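Participant: here is a sequence together with a model predicted from it:
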Amino acid sequence: MLSGRLFLRRGIAMGAVLLVAAADLTPASAQQRRTLFDMIFNDPPQQRRQPSIIEREPRRQRSRQPAIVSPSRPAAPAARAPAVKAETAPAPVEKMENARKILVVGDFTALGVAKGLEAAFAEDPSVLVVEKGSGSSGLVRQDFHDWPQELPALMNEFKPAMVVVMIGANDRQAMTIGETREKFRTDAWLAEYDARVGRVAALVQQQKLPLLWVGLPAFQSPSLTADAVTLNGIYRQAVEKAGGEFIDIWDGFVSESGQFIVTGSDINGQQVRLRSADGIGFTEAGKRKLAFYVEKVARRHLGELGIGDLIRLDAGNLPILSSLPPEAEAAVPSQPISLSDPELDGGSDLLGGTSPQPSITETPRNLLLTRGQLPEAPVGRVDYYSATVTGTTP
């Protein structure tokens with residue numbers, strides 16, 4: 001009897017446990033099945049991890065999803081570079097149909113002179129620079145470039161108002177004279193070279209045109225500089241004999257002691273690089289300085305007031321009247337005297353009488369700026385051409 005009751009109680013207890021377990025169960029799709037060990041020790045059920053929305057989507061679609069940006073940290077807009085306004089070069093002045101032409105011929109140094117003259121007359125519509133140089137040419141290798149034969153054709157074609165020549169940097173080589181090949185700087189070589197320079201100068205004079213022959217500058221090589229001095233002596237003598245003008249540029253490219261310089265003053269007085277790295281060529285500032293010496297003489301031949309100056313009626317063309325000319329400043333007028341009693345004030349002549357006037361000598365700067373003339377080099381300096389004798393080294 002007792003055993004039957006005990007069995008009944010155990011059955012009732014087991015049934016209650018099963019009912020409680022059945023109440024705690026959820027569908028299998030949402031919860032794992034719990035074991036009897038779990039229910040006895042009250043172990044919480046393991047929740048199945050729900051897949052995220054991104055994991056449920058196909059892989060191909062996930063790769064196309066845009067990046068999600070947190071609203072608390074908005075994406076910074078792309079920085080825009082500030083707009084840079086391109087600087088436009090001023091339009092070149094259109095030259096007039098009847099513009100006067102400056103024909104520039106020679107070697108690579110003449111090309112530099114032409115470039116500088118183009119800048120000098122860039123705003124003058126009445127002057128046109130015609131550059132017809134050949135970089136490797138000279139007066140020695142006439143088989144390569146025959147200037148005495150080509151120059152007349154160029155003058156007939158362009159009808160220039162003047163001719164500018166700069167040549168000689170390539171002529172330090174042997175010369176063929178007839179059937180003989182003469183070495184550089186021999187007496188025969190120097191005599192023939194002088195004749196060829198005179199022949200070119202005479203061709204320009206036959207056309208009754210102004211001839212401006214630009215001398216060679218100093219070079220970095222001492223031997224080349226010494227040869228340039230010798231050739232400049234020939235140019236000066238032959239050109240002036242033919243009626244042309246020799247433009248001496250030596251002082252613009254040497255120091256006060258006469259030494260070659262790479263850096264020097266430009267046309268505005270600023271220190272700039274004038275010569276190229278090889279010690280032979282010129283920079284843009286050097287080319288402009290080359291043309292500075294030619295420009296003054298060229299304007300004198302073209303006339304101080306050209307057509308281009310007449311059509312530009314602005315205040316920039318008015319003369320500066322802040323000071324008197326040097327002649328007026330240097331003059332010492334006589335003291336005014338009384339007409340009734342001249343002896344009281346110590347004077348003996350009327351104003352503008354016969355008082356001796358002091359001699360007026362123009363400064364080298366005034367000669368260069370107004371007439372394009374340079375003073376003679378000091379005696380003993382390497383470019384003192386008055387002591388140069390054809391066939392000898394100064």
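Facilitator: Received it, and whenever you're ready, just let me know what you need.

Participant: when you work out contacts or count neighbours from here on, use the C-alpha atoms and nothing else.
Facilitator: OK.

Participant: how about the strands in the protein?
Facilitator: With DSSP state E as the criterion, the chain has strands at 100-106, 127-131, 162-166, 175-177, 180-182, 211-214, 245-247, 263-265, 271-273.

Participant: what's the closest of those strands to residue 205?
Facilitator: strand 211-214 (7.4 Å; C-alpha to C-alpha).

Participant: quick check: neighbours of the closest one in the sheet, parallel or antiparallel?
Facilitator: Strand 211-214 sits in its sheet next to strand 162-166 (parallel), strand 245-247 (parallel), going by DSSP bridges.

Participant: what does the last one contact?
Facilitator: Read it as strand 245-247. 211-215, 235-236, 239-240, 293-294 (C-alpha atoms under 8 Å, 6 or more residues apart in numbering).

Participant: would CSV of these with distance to residue 223 and neighbour count be doable?
Facilitator: Output for the contacts of strand 245-247, formatted as CSV (distance: C-alpha to C-alpha, whole Å; neighbours: other C-alpha atoms under 10 Å):
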residue, distance to residue 223, neighbour count
211, 29, 25
212, 26, 24
213, 23, 26
214, 20, 27
215, 17, 24
235, 19, 27
236, 20, 21
239, 24, 22
240, 26, 16
293, 25, 23
294, 26, 24
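
Participant: tell me the one of those nearest residue 201?
Facilitator: residue 239 (6.0 Å).

Participant: and stretch 198-218, what's its mean pLDDT?
Facilitator: Rounded to a whole number, the mean pLDDT of stretch 198-218 is 96.

Participant: which residues are in contact with it?
Facilitator: Counting by C-alpha under 8 Å, 6+ apart, 147-148, 151-152, 161-169, 224-225, 228-229, 231-232, 235-236, 238-239, 242-250, 253-254, 259-260, 294, 301 sit against stretch 198-218.

Participant: start to end distance for it?
Facilitator: 23 Å (C-alpha to C-alpha, to the nearest Å).

Participant: may I see the buried residues of that stretch?
Facilitator: Applying a neighbour-count criterion of 16 or more other C-alpha atoms under 10 Å, one finds 198-205, 209-218 buried in stretch 198-218.

Participant: what sits closest to residue 119 if chain neighbours are left out?
Facilitator: Distances taken as C-alpha to C-alpha, 6 or more residues apart in numbering put residue 288 closest to residue 119, at 7.3 Å, once the chain neighbours are dropped.

Participant: tell me, how many neighbours does the one you found end up with?
Facilitator: For residue 288, the count of nearby residues is 24 (other C-alpha atoms under 10 Å).

Participant: check contacts around it.
Facilitator: Listed by C-alpha under 8 Å, 6+ apart, the contact set of residue 288 reads 112-113, 115-117, 119-120, 266-267.

Participant: format those as JSON lines; extra columns: pLDDT and distance to residue 129.
Facilitator: JSON lines is the format used below for the contacts of residue 288 (pLDDT from 0 to 100; distance: C-alpha to C-alpha, whole Å):
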{"residue": "112", "pLDDT": "96", "distance to residue 129": "12"}
{"residue": "113", "pLDDT": "96", "distance to residue 129": "10"}
{"residue": "115", "pLDDT": "96", "distance to residue 129": "9"}
{"residue": "116", "pLDDT": "96", "distance to residue 129": "10"}
{"residue": "117", "pLDDT": "96", "distance to residue 129": "7"}
{"residue": "119", "pLDDT": "94", "distance to residue 129": "10"}
{"residue": "120", "pLDDT": "94", "distance to residue 129": "10"}
{"residue": "266", "pLDDT": "93", "distance to residue 129": "21"}
{"residue": "267", "pLDDT": "92", "distance to residue 129": "20"}
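
Participant: quick check, nearest of those to residue 191?
Facilitator: residue 113 (27.4 Å).

Participant: show the contacting residues for the residue nearest to the closest one when sequence neighbours are not counted.
Facilitator: Of all residues not flanking residue 113 in the chain, residue 291 sits nearest, at 5.2 Å (C-alpha to C-alpha, 6+ apart). By C-alpha under 8 Å, 6+ apart, the contact set of residue 291 is 113-114, 116-117, 120.

Participant: which residues does residue 128 bridge with?
Facilitator: Applying DSSP bridges, one finds that residue 128 bridges with residue 101.

Participant: thought it was touching residue 99?
Facilitator: Yes - in this structure, residue 128 is within contact of residue 99 by C-alpha atoms under 8 Å, at 6.0 Å.

Participant: more neighbours: which of the two?
Facilitator: Neighbour comparison, residue 128 and residue 99: the larger count goes to residue 128, with 23 against 17 (by other C-alpha under 10 Å).

Participant: residue contacts, that one?
Facilitator: 95, 99-102, 118, 121 are the contacts of residue 128 under C-alpha under 8 Å, 6+ apart.
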